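> Based on what follows, work out the 3D shape:
(chains A and B)
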Amino acid sequence: MAEQDILAICAFCPAPCRSALGEVHGATTETRQPSALALVARSALGGRMPVTADILARLGDLDTVRTCQSACSYGLDIAAALEAVRPRLEAMIDAR
Amino acid sequence: MTEIAPPSAPPEDLVRRLARIVGAGNVLSSDLDRFVYARDRAPFGTYRLREGHLPEGWPCVVVRPADVSEVADVLRLACEAGIPVVPYGAGSGVLGGAASLGGEIVIDLKRLSGIIEIDRVDHTANVCAGMNGALFEAELRRAGFTCGHLPQSLAMSTVGGWVACRGAGQASSRYGKIEDMVLGLEVVLPDGRLLDIRPQSRRSTGPDLAGIFVGSEGTMGIIVSATLRIWPVPAARRNLAVGFASLEGGLECLRAIMQAGLRPAVVRLYDAVESAARTQSLDAADRDLFLCLLSFEGPERIVAAEEAEALEMIGCAGGRRLADAPFHEWEAVRYQSYSPQHQAAGRFMDTIEVTLPWHALPQGYGRLRAAAQRVAPGAHFGAHWSHVYPDGACQYMTLRLDPAPLAEGEALHRSVWDAVERECVALGGAIAHHHGIGLLRGRWMELEHGAAGLDVIAAVKRTIDPRGIMNPGKLGLPAAATVRNSIDG
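Predicted structure coming up:
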């Protein structure tokens, strides 16, 4: 499956994987959840959100995404998908 | 596509004042954070997002208080400044109850997490509102209890969210809805005062104060903790998959089971469309039946007696036991609520759950299906009954409209909702069983409560929240002129 399709599934999933965070669930912002980062990446790739240094940095913060992977109902590797699209996002920031 | 400029950043003075309350690290003011917290899981919001549209309303700023005192200080500040607030749990709501209309302070409550106390004598748990549902249940299980509230959204929702939207779990026929479990609440009022509704099993002390806040969707105050009934982990459990030759027979049998005093933990009767999808693993002769799943739990002898009684009643109604496979197949996915294949195909999916009295069933099923299909001929319409009581049942309907241009799909989606909700009230039903009102359902609140009823709710709201800062535009209550409901325009 293409990275864009994987991110699309995750972006609109209601995110039951969040319970995998256990004790740190309360300390984790929505922005670090895989579904949020998938939505952000998708919006940026689609040209709807400006790609900024802040956005790139946040999209590289994948600890929460990796923790949630064990509870993904669809067996998706969102961290790998986000890493795969990163060069395209970096090119978008360079082109600005 | 054109980049959309994010709504303006929050005033620096506001960020500084909030940081003094919750700490700078718990004030999220970047465009990215505000974008992420702008949405919940309302399908009508997702239709726009998947087409590349960003939310029209972005919160001004997000704060993450650590305790009740910080929640109170944030609300005091918001109240003084006249800034609207949106309480936010896990954002799993499907009616837009946690969606931003623009310019609010979003108060993310997930740092208020954990069980404060389990009372092993009274069988109650005092729990912080921001605790994840699955983690709450897991911790109770380790202590030998269950919360009895097991919604499909268990892993993606918070306890406070359950209470705020008056939710229901898959075992509601035995344990009740959340309003049946709430014994006490702590609520921070918009002016920062703490309202402590002390837990009691029953009282006769005037109108039910907790009832003002259970189902209020953050429009009256912020629920910061709840004392809930809990139950010992059942010693025994027996599951049944049965089939009925007719839907009428199945519904009549469930009514008889509940009115006879049996209390199955799980009851799920499916219409022909949903039965067909769940009986593929059965023998051909069983695939035309209306599938019903039942589960009894509790002390072994009571469970055995309930199962035997239920099987006898099922037999009298023309039903018969099937292989267990459909039950196990449901159990394997009971906490999943997402259909990536339909999302990817661009279908307009949604669910509508209403309550109907038994006397309006089963004709109500046909009438609601006809109402939907008159507006959207050929649309997928399936239904099941999974919250069943002695006096009525929830009819849970799944809709899928074919891919279409966004404006066309949105209009059709709204028309189907309107047709179903109006027909439901005509049948004597309630427009919502457990998903709440949020943004989308507000337009039918007067139909549900009558003008006088909605006036009473609005008057209570004005008294508690005279500046109208609490989750404006939700619950069918008017928003202040400064905020705009992007659903109604």
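> got the contact list for the residue in chain A that chain B sits nearest to?
Scanning chain A for the residue nearest chain B gives A:Gly26, at 3.5 Å (criterion: C-beta to the nearest C-beta). Using the backbone N, CA and C atoms, a C-beta is placed for each residue, glycine as well. Taking C-beta atoms under 8 Å, 6 or more residues apart in numbering or on different chains, we find A:Gly26 in contact with B:Lys110, B:Arg111, B:Leu112, B:Ser113, B:Gly114, B:Gly130, B:Met131, B:Asn132.
> Please determine how far the residue nearest to it when sequence neighbours are not counted is located from A:Gln33.
Distances taken as C-beta to C-beta, 6 or more residues apart in numbering or on different chains place B:Ser113 nearest to A:Gly26, at 3.5 Å, with adjacent residues excluded. Between B:Ser113 and A:Gln33 the distance is 15 Å, computed by C-beta to C-beta, to the nearest Å.
> follow-up on the earlier one: report the buried members of the contacts of A:Gly26.
Neighbour counting over the contacts of A:Gly26 (16 or more other C-beta atoms under 10 Å in any protein chain shown) leaves B:Lys110, B:Arg111, B:Leu112, B:Ser113, B:Gly130, B:Met131, B:Asn132 as the buried ones.
> So the third one: helix, strand or coil?
Under the three-state scheme (DSSP: H, G, I helix; E, B strand; the rest coil), B:Leu112 adopts coil.
> quick one, what contacts it?
B:Leu112 makes contacts with A:26, B:65-68, B:71, B:128-131, B:160, B:224-225, as judged by C-beta under 8 Å, 6+ apart.
> Among these, which lie within strands?
With strands taken from DSSP state E, the overlap with the contacts of B:Leu112 comprises B:Cys128, B:Val224, B:Ser225.
> How about the contacts made by the nearest residue to the last one once chain neighbours are set aside?
It stands for B:Ser225. Spatial nearest neighbour of B:Ser225, excluding adjacent residues (C-beta to C-beta, 6+ apart): B:Glu186 at 4.5 Å. By C-beta under 8 Å, 6+ apart, the contact list for B:Glu186 reads B:Val68, B:Leu194, B:Leu195, B:Asp196, B:Ile197, B:Ile223, B:Val224, B:Ser225, B:Ala226.
> count of residues packed around the fifth one?
Looking back up the chat, that one is B:Ile197. By the measure other C-beta atoms under 10 Å in any protein chain shown, the count of residues near B:Ile197 is 20.
> if we can go back for a sec, read off the pLDDT value for the residue of chain A closest to chain B.
For A:Gly26, the pLDDT comes out at 84.
> picking up where we left off before, immediately after the helix or strand the residue nearest to B:Ser225 falls within, which helix or strand?
Per DSSP states H and E: B:Glu186 is located in strand B:182-188. Proceeding N to C from strand B:182-188, the next assigned helix or strand is strand B:194-197, under DSSP H and E.
> Quick one: mean pLDDT over that next one.
98.
> buried sites along it?
Buried residues in strand B:194-197, counted by 16+ other C-beta under 10 Å: B:Leu195, B:Ile197.
> for stretch B:143-153, same thing?
In stretch B:143-153, residues buried by neighbour count (16+ other C-beta under 10 Å) are B:Phe145, B:Thr146, B:Cys147, B:Gly148, B:His149, B:Leu150, B:Pro151, B:Gln152, B:Ser153.
> which of those are close to chain A?
Checking those against chain A by C-beta under 8 Å from any C-beta of the partner chain, the ones in range are B:Ser153.
> export the buried residues of stretch B:143-153 to JSON lines and tack on secondary structure and pLDDT?
Output for the buried residues of stretch B:143-153, formatted as JSON lines (DSSP: H, G, I helix; E, B strand; the rest coil; pLDDT from 0 to 100):
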{"residue": "B:Phe145", "secondary structure": "strand", "pLDDT": "98"}
{"residue": "B:Thr146", "secondary structure": "strand", "pLDDT": "98"}
{"residue": "B:Cys147", "secondary structure": "coil", "pLDDT": "98"}
{"residue": "B:Gly148", "secondary structure": "coil", "pLDDT": "98"}
{"residue": "B:His149", "secondary structure": "coil", "pLDDT": "98"}
{"residue": "B:Leu150", "secondary structure": "coil", "pLDDT": "98"}
{"residue": "B:Pro151", "secondary structure": "coil", "pLDDT": "98"}
{"residue": "B:Gln152", "secondary structure": "coil", "pLDDT": "96"}
{"residue": "B:Ser153", "secondary structure": "coil", "pLDDT": "96"}
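> so what's B:Ala325 closest to, chain neighbours aside?
Leaving aside its chain neighbours, B:Ala325 sits nearest to B:Ser281 (4.5 Å; criterion: C-beta to C-beta, 6+ apart).
> ok so that neighbour is a strand residue?
No: the assignment for B:Ser281, made by three-state DSSP, is coil rather than a strand.
> how about low-confidence regions in chain B?
B:1-6, B:480-489 (pLDDT under 70).
> So which residue is smack in the middle of it?
B:His435 (3.2 Å; C-alpha atoms, centre = their mean).
> Helix or strand: which one has that residue?
Counting by DSSP H and E, B:His435 is found in no helix or strand.
> so it sits right up against B:Gly96, yeah?
No: under the criterion of C-beta atoms under 8 Å, B:His435 makes no contact with B:Gly96, lying 10.6 Å away.
> residues contacting the residue in the stretch 101-250 of chain B that chain A sits nearest to?
In the stretch 101-250 of chain B, the residue that lies nearest chain A is B:Ser113 (3.5 Å; C-beta to the nearest C-beta). By C-beta under 8 Å, 6+ apart, B:Ser113 lies in contact with A:His25, A:Gly26, B:Cys128, B:Gly130, B:Met131, B:Asn132, B:Leu135.
> Kindly provide the distance from the residue nearest to the centre of chain B to B:Met397.
11 Å.
> Now list whatever residues contact both of these two.
With C-beta under 8 Å, 6+ apart, B:His435 and B:Met397 have common neighbours B:Thr351, B:Glu353.
> how near is the residue nearest to the centre of chain B to chain A?
Plainly put, B:His435 is 13 Å away from chain A if you go by C-beta to the nearest C-beta, to the nearest Å.
> Tell me which helix or strand the spatially most central residue of chain A sits in.
Most central in chain A under C-alpha atoms, centre = their mean is A:Leu37, positioned 2.8 Å from the mean C-alpha point. Per DSSP H and E: A:Leu37 is located in helix A:34-45.
> and that helix, is it in reach of chain B?
Yes: contact of helix A:34-45 with chain B (C-beta under 8 Å from any C-beta) involves A:Ala36, A:Leu39, A:Val40, A:Ser43.
> so who does the residue nearest to the centre of chain A touch?
By C-beta under 8 Å, 6+ apart, A:Leu37 lies in contact with A:Thr31, A:Arg58, A:Leu59, A:Leu62, A:Val65, A:Ile78, A:Leu82.
> if you set the cut-off to 7 Å instead, what comes out?
Neighbouring residues of A:Leu37 by C-beta atoms under 7 Å, 6 or more residues apart in numbering or on different chains: A:Leu59, A:Val65, A:Leu82.
> any idea how far the residue nearest to B:Leu406 when sequence neighbours are not counted is from A:Pro34?
Distances taken as C-beta to C-beta, 6+ apart place B:Glu51 nearest to B:Leu406, at 5.2 Å, with adjacent residues excluded. Note on B:Glu51: its distance to A:Pro34, by C-beta to C-beta, is 21 Å.
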